[in-house]
Structure formats: C-alpha cells, structure tokens
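Engineer: generate coordinates for the sequence data below:
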Amino acid sequence: MACFLAPAAAAIITTGVRKKITRKYHLDWLNAMLWGGVIMLAVEHIAHGEVVLYPPFLTAGFSKVLPEILKVGVPMTIAIVAVWAVMVLVANRLAKEREKKVQVIET
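Structural biologist: Below you'll find the model as predicted:
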C-alpha cells in the first residue's frame with residue numbers, strides 16, 4: 001500500500017542532485033527507472049483502493065505502512081539502484097573499449 005514511498009524518496013533526492021553529478025554516471029537513467037516505478041506502483045495502488053486521493057491518502061494504518069516500506073519498498077529501491085549500477089558499469093566499459101578502438105584506428 002505504500003511501498004512506492006521508498007523509491008519516491010530516492011527519486012526526489014536523485015532529481016535534486018542530478019546537475020551536480022557527472023554525466024558518466026547516467027543519473028537520468030536512474031531517475032527514469034525510479035520515477036517510472038513510482039508512477040506504476042501509485043497507479044496500481046490507486047486502482048486497488050489502497051491509496052485514495054483525499055486525506056488520509058493511505059487506507060491502511062501507520063502500523064501497516066512502515067513495515068511494508070521496510071520489507072518491500074527499500075529492497076525494491078536497492079534492486080533498482082543495483083540494476084542501474086550494472087548498466088552504468090557496462091556502458092562505461094563499452095565506451096572505454098570504443099575509445100581504445102578509435103585510438104588504434106587513428107594511429
């Protein structure tokens with residue numbers, strides 16, 4: 001019911017610092033993954049009546065919300081960040097290999 005709050009918090013932070021991080025880390029990829037997940041989960045929770053568009057917004061009590069964030073939202077956010085990190089490592093490694101090939105061709 002509130003698992004999307006953990007990736008939402010991460011997305012807000014990464015959106016705020018994106019201009020301070022060098023482009024080689026492809027923070028725009030992470031933002032797209034986080035915000036996409038947040039929107040998808042929010043729509044799904046609204047469709048199932050777990051989130052409503054009027055106060056108190058979350059239909060379950062706080063005693064159920066916090067454990068769900070910790071059990072589902074945090075691991076989901078960690079998984080998203082892990083996938084992004086692998087994507088960045090692969091992209092940067094491929095870019096270095098391309099640079100080496102270009103240098104060999106030029107010499």
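Engineer: so Glu68 sits against Leu41, correct?
Structural biologist: No: using CB atoms under 8 Å as the test, Glu68 is too far from Leu41 to be in contact (11.3 Å). Using the backbone N, CA and C atoms, a C-beta is placed for each residue, glycine as well.
Engineer: more neighbours: the two, which one.
Structural biologist: Leu41 (22 against 19; other CB atoms under 10 Å).
Engineer: quick check, that one in a helix?
Structural biologist: Yes: under DSSP: H, G, I helix; E, B strand; the rest coil, Leu41 sits within a helix.
Engineer: quick revisit: which neighbours do Glu68 and Leu41 share?
Structural biologist: Cys3 (CB atoms under 8 Å, 6 or more residues apart in numbering).
Engineer: count of residues packed around Leu27?
Structural biologist: By other CB under 10 Å, 19 other residues sit near Leu27.
Engineer: same check, this time on Ala2
Structural biologist: With neighbours defined by other CB under 10 Å, the count for Ala2 comes to 23.
Engineer: three-state assignment of it?
Structural biologist: State at Ala2, reduced to three classes by three-state DSSP: coil.
Engineer: distance of it relative to Gln103?
Structural biologist: Look at Ala2 and Gln103: by CB to CB, to the nearest Å, they are 51 Å apart.
Engineer: give the closest residue to the residue nearest the centre of the chain in space, chain neighbours not counted.
Structural biologist: Centroid check for the chain by CA atoms, centre = their mean gives Leu34 as the closest residue, at 2.4 Å. Nearest residue to Leu34 in three dimensions, chain neighbours excluded: Ala11, at 3.7 Å (CB to CB, 6 or more residues apart in numbering).
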